[in-house]
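1. just a sequence and a predicted model for now, questions to come.
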Amino acid sequence: MATFVEVHPDNPQPRTVAQVVERIREGALVAFPTDSGYALGGRLDDQAVKDRIRDIRRLDDKHHYTLLCADFAQLGQLVHVDNAVFRAVKSATPGPYTFILPATKDVPKRLLHPKKKTVGVRIPDHPLSQALLAGLGDPMLISTLLLPGETQTPTFGWDVKEALDHQVDIVIDAGEVSTEPTTVVDLSSGEAEVARHGAGDPTPFE
């Protein structure tokens, strides 16, 4: 059964966050709220985390996994960002956007799109997400918690625990969260293409 953890939505308790971070370091798969609904996440370098996310969401090999970054310093180590792309991403982050960009050599090949060699990156605007990233000191591998056949992410932690009690290790509840996933913008070709409409306003990229 998954451990159920409750945190304050605006000021996550440092001790609780530290305990979750330690579990993530040990290989835990965590379901946690972000600024665009729930996500599944864990260590970037843990093959089992990717495999478990893939199985829960029933993803194929063309799925773009996302690297959750604390800031631009982390993001810039993982993807190639020219000046035009930098301005576009900077204007929309932190926030509910995922950007598809060419990956650097620092990203494990198993996380890349098999043909495009791209990966998703994003910087969240959510106290818990930022607290987890600060505690880890590294980006996280995540995927929006969209279960097969669903178009919206869960609203509360209890919904997640009921659905995934035996498939994840920790479920974090921070009150009601958005049910919209991120807006996905593909910038890998140098031109912006909105691949999924979600919580972020797509207008600047259309």
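-> Yes, it's here.
2. contacting residues around residue 138?
-> Neighbouring residues of residue 138 by C-beta atoms under 8 Å, 6 or more residues apart in numbering: 43-44, 74. From N, CA and C alone the C-beta is placed, and that goes for glycine too.
3. in helices only, show me these.
-> Per DSSP state H, helices hold the following members of the contacts of residue 138: residue 74.
4. could the contacts of residue 138 go into TSV alongside pLDDT?
-> Below are the contacts of residue 138 laid out as TSV (pLDDT from 0 to 100):
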residue	pLDDT
43	97
44	94
74	94
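5. quick one, which of the contacts of residue 138 are buried?
-> 43-44, 74 (16 or more other C-beta atoms under 10 Å).
6. save these as TSV, and put in distance to residue 80 too.
-> Converted to TSV, the buried ones among the contacts of residue 138 look like this (distance: C-beta to C-beta, whole Å):
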residue	distance to residue 80
43	23
44	18
74	14
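7. close enough to count as contact, residue 27 and residue 49?
-> Yes - Residue 27 is in contact with residue 49 according to C-beta atoms under 8 Å; the separation is 7.2 Å.
8. show me the helices in the protein, by range?
-> Taking DSSP H, the helices of the chain run over residues 14-25, 47-57, 72-78, 83-92, 127-136, 157-164.
9. mean neighbour count, the ones you listed: which tops it?
-> helix 127-136 (a mean of 20; mean count of other C-beta atoms under 10 Å).
10. quick check: angle from that one to helix 14-25?
-> Angle between the axes of helix 127-136 and helix 14-25 is 60 degrees (criterion: axes from the mean of the first three to the mean of the last three C-alpha atoms, to 10 degrees).
11. ok, now how distant is residue 66 from residue 97?
-> 11 Å (C-beta to C-beta, to the nearest Å).
12. what's the overlap in contacts for those two?
-> 122, 182.
13. neighbour-wise, which of the two wins?
-> Neighbour count, other C-beta atoms under 10 Å: between residue 66 and residue 97, residue 97 has more, with 30 against 24.
14. residues touching the more buried one, list them.
-> Applying C-beta under 8 Å, 6+ apart, the residues near residue 97 are 89, 122, 182-185, 200.
15. quick one: low-confidence residue ranges for this protein.
-> Within the chain, no range satisfies pLDDT under 70.
16. grab the most central residue of it for me.
-> In the chain, the centroid-proximal residue (C-alpha atoms, centre = their mean) is residue 142; its distance is 3.8 Å.
17. and it, what is it in contact with?
-> 34, 39-41, 65-68.
18. if we go to 10 Å?
-> 30, 32, 34, 39-42, 44, 49, 53, 65-68, 98, 120, 122, 124, 129 (C-beta atoms under 10 Å, 6 or more residues apart in numbering).
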